[in-house]
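Colleague: quick one: sequence and predicted model below, then my questions.
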Protein chains: 4
Amino acid sequence: MSRSTAKQTASKPKPSRALRAAETRQAILDAALDEFSAQGFAAARIEDVAKRAAVGKGTIYLHFKDKEALFQELVRTSLVPLVGSMRAPTGEVSVRSLLETFADTFVRDILNTRRSDIIRLVIAEGRRFPSLAEFHFREVIAPATAAMQRLMTYGIARGEITNPDLQRFPQLIIGPAMVALIWQGLFGKFAALDVAAMMRAHIDMILQSGRTP
Amino acid sequence: MSRSTAKQTASKPKPSRALRAAETRQAILDAALDEFSAQGFAAARIEDVAKRAAVGKGTIYLHFKDKEALFQELVRTSLVPLVGSMRAPTGEVSVRSLLETFADTFVRDILNTRRSDIIRLVIAEGRRFPSLAEFHFREVIAPATAAMQRLMTYGIARGEITNPDLQRFPQLIIGPAMVALIWQGLFGKFAALDVAAMMRAHIDMILQSGRTP
Amino acid sequence: MSRSTAKQTASKPKPSRALRAAETRQAILDAALDEFSAQGFAAARIEDVAKRAAVGKGTIYLHFKDKEALFQELVRTSLVPLVGSMRAPTGEVSVRSLLETFADTFVRDILNTRRSDIIRLVIAEGRRFPSLAEFHFREVIAPATAAMQRLMTYGIARGEITNPDLQRFPQLIIGPAMVALIWQGLFGKFAALDVAAMMRAHIDMILQSGRTP
Amino acid sequence: MSRSTAKQTASKPKPSRALRAAETRQAILDAALDEFSAQGFAAARIEDVAKRAAVGKGTIYLHFKDKEALFQELVRTSLVPLVGSMRAPTGEVSVRSLLETFADTFVRDILNTRRSDIIRLVIAEGRRFPSLAEFHFREVIAPATAAMQRLMTYGIARGEITNPDLQRFPQLIIGPAMVALIWQGLFGKFAALDVAAMMRAHIDMILQSGRTP
DNA sequence: TATGAATGAGTCTTCATTCAT
DNA sequence: CATGAATGAAGACTCATTCAT
C-alpha cells in the first residue's frame, strides 16, 4: 500500500499507472484468499471477490485469465516465499534451537496468518487441481522435507539426534504442525489447542527419541 | 415373462420392495462417496452420482432431501461405526501392542479404504459445513482423543509411558496418521510413503519419550 | 370380469367391488377439489391429492387418464347438476320470490360450499383450458343466462319487471353473485361482506328499476 | 463502427447505461404480462418471457429476484397508478356523468387494455399469493370501494341517489364491471357482450333505484 | 385393483465470462 | 484500465407418469 509519493500535485493523487495496477492486483488476491478459503474454490463467487476487492467484476479478468488462474496464482504466490527462508543449518547452532525457531516461525507466520488458509486450500482442493498439488509438492513439500532431513543429518552429526528414523521420515517432524493446522481450522471452536506448548512437547520428544536409556 | 408364477424357483430370493429400496439407497451412498471424494462437494454432479449408482436422477431425491443431505448422511454414516471399536485398554496388554494394533487398524481399515476419502472430505469441506465439523468432532475426534488419553493414562500406570505431555496432547499420537492420510491423498503419486514403517517409528518415539537417559 | 357376484364368502364386510371403486373415485375427486382450488391446476401435486384421498399415487391413474382429465372431470361433474334445478317460472309465483329463491340457493348451495371453489377454478384456469371454458359456457353460463332472460320475460309479462334492459343483459342480474364469489374468495379475510343482504338490496334494485316515478 | 467519436450526429440520443437498463426492465415486465396472463403464474416459463423480451434468461434475474418477484412486481406496478385517478367528486357535476365517466374509463383504460389481464391474474392467483391479494385489496379494492361510497354520499346529498343500500354495498356498483371483465376473458368468444351498453343500463338502474314510484 | 419406488423430461436459478461504454 | 449489464451453459430439483409387485 505504498501511496506515499507524488500526491500533492494534481487533484487526484494518481500514483503511477503500473503502481495502481499492482495494487489492484494485490487487492484482488487478498479478496480471493478470503473468499476461496471461506467457500472453497467451486463455491466462491467471482462477484464476491470483486466486491470485497472494491473493483468491478470485469477488472478481475484484466489481471487473471479466469477463475482457476486466479486461484492457482493465489496459492502459488503465497507459499513459495516461505521456502526461501529455510536454509541449511550452519555453525554451532543447536538442533533444539533450530527446531524451536521452526516451531515459532510456523506458529507466527503460518498458523496465525492467512497462509494457513492457503495450506488448507491446497489440502481441500489438491485432489481436483493435480497441477497445483504437484506444484505445491515441488515447491513447498519437497524442499521442506529435504530441509528437515538436512537438519536431522546435521543433528546426528552433532550427536543431538540419535534416532535415524527421523531422517527417514521427516513427516514425523512436520506432523504436529499439520495436525495443528487442521485442528485450528476445524475444531478450534470446540476445543482450543495450545499449539505452541504442543510443539515444544514434540521437540522434546524428538530430541529424546532414540536414546538408549 | 409371466410374472405371477414361479418365484421360488430362481436364484434370487425375491427381495422385498423395502429391501430393494435399502439396496438402492446404499448404492447411491457408494456412488456419492466416489463422486464427492473425487470432485469435492460443490463440483460433484448429482447426475454423475446417479449414473454411477445406475439409478435415475430423481431416485436420489427419493432417498435424500437434497445434495447436502446426501453429503452429510454419507459422512455421518461412514465414520461413526469406527468409534465403537475403540475400547478402554484392559488386562495385561502392553501399550506398545495396543498402539501397534491401532496403527495396523488405521492402515488397514482407514488409510487403504474409502474411509480415508471421507476423512479427507471432512477436512476439505468442514469449513463450509460447520455442523458437519461439529458432528465429526463430537462423534470421531473427541472420542478418539479421549481414547488416546485413556491409553496414555494406562501406559503411565503401567510404567510404559513416562512422558506426561503425551497425555496432555493426544494429538501428538494421532499426528502421523493425519499426515499419512493427507500425504497419500495428495503427494503419494510424487513420493511414496511407507506409512506402516513410519507408524512403527512413531510408536518407538512415543515409548522412548520422557525417559531420562 | 364379473365383479358383481360371489362376495359374501370371505371375512371382511366388503361392499361390492364396483361400490368400493366408486367410493375411491369420489374420494379422489374430493381431494382433487381441495388441492386444485387451494393451489391452482399447475401447482397442485398429484401426490398430495393421493395423500389427501388416502390412496396410492398410482390409484389415481386407474380412475383418470392423467392430471388434466382429473381436473376437467372434477369441474364438469361438479357444476352440471346445478343447471337442472333452474326451471322455467310457472304459475302465480312472483318474480321477487323467484329471485329470492335464486339468491338463497346461490348463497346456500354455491357460495358457502366447495362449489364456489370450482367456479373460482373455472375463472382462474379457463384461459388455459379453452375446452373447459367452452364446456362451462355451454353447460352453465348459457343455460343460466337463458333462465334469467326467461325470468325477466315472465316478469315483464306479469308487470313486475318494467326495465327491458334486464332482459337484454341478464349479466346485470347475475353480477352481484359473481362479485360475492370473488370477494369472499380473495378479500373476505380483509373485509367481510354480508352477501345475503347485498343480494336482497340487489333484488330491490332490479324490481324498482325502470319504474317511471 | 468507430465507437469513440461521432455520437451527436446519429438519430439515437445515446441512451445512458442506466437508461438502457430501465428499458430492459420494462421490456421484461411487458413480456411477463403477456406470458403470465396467457399461461398463469405456474405454467409461464421464464425462458419464454426472456425470449419475448428479447433478452437472455439470466437478464431477468438481474432485474428481479425470482419468478415470484417478477410476478408480484408486475401486478403491483400495473394497477396502483389507476387509483390516483379516482378523486372525490366536487362542484356541480352530476352523479350520472361521474358514473358515466367511470364506466367509460373502465372500458377504455382497463377492459380493452392489458390491465384487464392483470386483474384476471389477481383473481386467478390471489389464492396462492395472499400477500398479493392483500396488497391488491389495500391498494385497489379498498380505495375503489371507498371512492364509490363517497360518490354515493355525494349523490344522496344532491338528491340524485335515493337508495341508501348503494352506499352500504358499493360492490353493487362495481359488479357489472367485474362481470364484464370475466365474461370478456372467458366467454367473449362464444357470446359477445356489449359492455358499454350494459354499463349504461346499469347506471340507469342505479339512478332509478330507491325511487318510490 | 392398489401401490409406491423409480424415472427423466422440464424448470428455475446461478455464475463465469464477455464486451460496449 | 475499469465497469457492470447481459448472456447462456450448466446444474439442482420437481413431479407427472409408469410398472413390477
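Modeller: Cool, got the structure.

Colleague: helix or strand right after the helix ranked longest in chain A?
Modeller: For chain A, the longest helix by residue count, based on DSSP state H, is helix A:17-39. Downstream of helix A:17-39, the next assigned helix or strand under DSSP states H and E is helix A:46-53.

Colleague: so for that next one, mean pLDDT?
Modeller: For helix A:46-53, mean pLDDT is 97.

Colleague: contact partners of it?
Modeller: Contacts to helix A:46-53, defined as C-beta atoms under 8 Å, 6 or more residues apart in numbering or on different chains, come from residues A:24, A:27-28, A:30-32, A:34-35, A:56-57, A:59-60, A:67, A:70. Backbone N, C-alpha and C define where each C-beta goes, glycine included.

Colleague: what parts of chain A come near DNA strand E?
Modeller: A:43-47, A:57-58, A:61, A:66-68 (C-beta under 7 Å from any atom of the strand).

Colleague: mind putting those into TSV with distance to C:Val95 and neighbour count?
Modeller: Formatted as TSV, the residues of chain A next to DNA strand E follow (distance: C-beta to C-beta, whole Å; neighbours: other C-beta atoms under 10 Å in any protein chain shown):
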residue	distance to C:Val95	neighbour count
A:Ala43	73	16
A:Ala44	76	21
A:Arg45	71	12
A:Ile46	75	18
A:Glu47	70	12
A:Lys57	73	13
A:Gly58	76	9
A:Tyr61	79	15
A:Asp66	80	10
A:Lys67	78	18
A:Glu68	82	13
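
Colleague: and the furthest pair within the residues you listed?
Modeller: Distances among the residues of chain A next to DNA strand E were taken as C-beta to C-beta; the most separated pair is A:Ala43 and A:Gly58, at 21.5 Å.

Colleague: where do the helices of chain A begin and end?
Modeller: Assigned by DSSP H, the helices in chain A fall at A:17-39, A:46-53, A:57-63, A:67-84, A:95-105, A:115-125, A:130-136, A:142-158, A:165-168, A:171-182, A:195-208.

Colleague: only C-alpha atoms, please: export the second one in CSV.
Modeller: Coordinates of each C-alpha in helix A:46-53 appear next as CSV, following Å, rounded to 0.1, in the frame of the first residue of the first chain:
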residue,chain,number,x,y,z
ILE,A,46,-16.0,-14.0,-8.6
GLU,A,47,-18.5,-11.3,-7.9
ASP,A,48,-17.9,-11.5,-4.2
VAL,A,49,-14.2,-11.4,-4.8
ALA,A,50,-14.7,-8.2,-6.9
LYS,A,51,-16.9,-6.7,-4.3
ARG,A,52,-14.5,-7.4,-1.5
ALA,A,53,-11.6,-6.0,-3.5
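
Colleague: what's the burial count for the closest residue to A:His202 other than its chain neighbours?
Modeller: Setting aside the residues directly before and after it, A:His202 is nearest to A:Pro176 in space (C-beta to C-beta, 6 or more residues apart in numbering or on different chains), at 4.6 Å. Look at A:Pro176: counted by other C-beta atoms under 10 Å in any protein chain shown, it has 28 neighbours.

Colleague: go on, the one 5 residues further on?
Modeller: By the criterion of other C-beta under 10 Å, A:Leu181 has 23 neighbours.

Colleague: got a list of what it touches?
Modeller: The contact partners of A:Leu181, by C-beta under 8 Å, 6+ apart, come to A:110-111, A:116, A:119-120.

Colleague: counting contacts, what elements does the worst-scoring helix or strand of chain A on mean pLDDT pack onto?
Modeller: Ranked by mean pLDDT, DSSP states H and E, the helix or strand of chain A with the weakest confidence is helix A:67-84, at a mean of 86. If contacts are counted by 3 or more C-beta pairs under 8 Å, 6 or more residues apart in numbering or on different chains; DSSP states H and E, helix A:67-84 sits against helix A:17-39, helix A:115-125, helix A:130-136.

Colleague: now A:Arg114: how far from D:Met205?
Modeller: 79 Å (C-beta to C-beta, to the nearest Å).

Colleague: which one's more surrounded, those two?
Modeller: The neighbour comparison of A:Arg114 against D:Met205 (other C-beta under 10 Å) goes to D:Met205, with 22 against 12.

Colleague: who's the closest spatial neighbour of the more buried one, skipping the chain neighbours?
Modeller: C:Ser209 (4.3 Å).

Colleague: A:Ala124 too?
Modeller: Of all residues not flanking A:Ala124 in the chain, B:Ala124 sits nearest, at 3.6 Å (C-beta to C-beta, 6+ apart).

Colleague: quick one: contacts for that neighbour?
Modeller: Contacts were defined as C-beta under 8 Å, 6+ apart; by that measure B:Ala124 touches A:40, A:123-125, A:127, B:40.

Colleague: cool, A:Ile123 as well?
Modeller: A:182, B:120, B:123-124, B:182, B:186.

Colleague: C:Gln167: which of those residues is nearest?
Modeller: B:Ala124 (80.0 Å).

Colleague: where does that closest one land on pLDDT?
Modeller: Per the predicted model, pLDDT is 90 at B:Ala124.

Colleague: would you check the distance separating stretch A:178-191 from the middle of the chain?
Modeller: Distance of stretch A:178-191 from the chain centroid (C-alpha atoms, centre = their mean, to the nearest Å) equals 16 Å.

Colleague: in it, which residues are buried?
Modeller: Within stretch A:178-191, the residues that qualify as buried are A:178-187, counting by 16 or more other C-beta atoms under 10 Å in any protein chain shown.

Colleague: reformat the helices and strands packed on helix A:67-84 as TSV; add distance to A:Pro89.
Modeller: Formatted as TSV, the helices and strands packed on helix A:67-84 follow (distance: least, C-beta to C-beta, whole Å):
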stretch	distance to A:Pro89
helix A:17-39	32
helix A:115-125	23
helix A:130-136	24
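
Colleague: highest mean neighbour count out of those?
Modeller: For the helices and strands packed on helix A:67-84, the largest average neighbour count (mean count of other C-beta atoms under 10 Å in any protein chain shown) is found in helix A:115-125, namely a mean of 22.

Colleague: quick one: that helix to helix B:115-125, angle?
Modeller: Going by axes from the mean of the first three to the mean of the last three C-alpha atoms, to 10 degrees, helix A:115-125 is angled at 140 degrees with respect to helix B:115-125.

Colleague: could you check the pLDDT of the closest residue to DNA strand F within chain A?
Modeller: Per C-beta to the nearest atom of the strand, A:Gly58 is where chain A lies closest to DNA strand F, at 1.9 Å. Note for A:Gly58: predicted pLDDT of 96.

Colleague: what does stretch A:183-199 contact?
Modeller: A:103-104, A:106-107, A:111, A:116-117, A:120, A:176-177, A:180, B:122-123, B:126-127, B:133-134, B:136-138, B:141-142, B:168-169, B:171-172.

Colleague: distance between the ends of that stretch?
Modeller: 14 Å (C-alpha to C-alpha, to the nearest Å).
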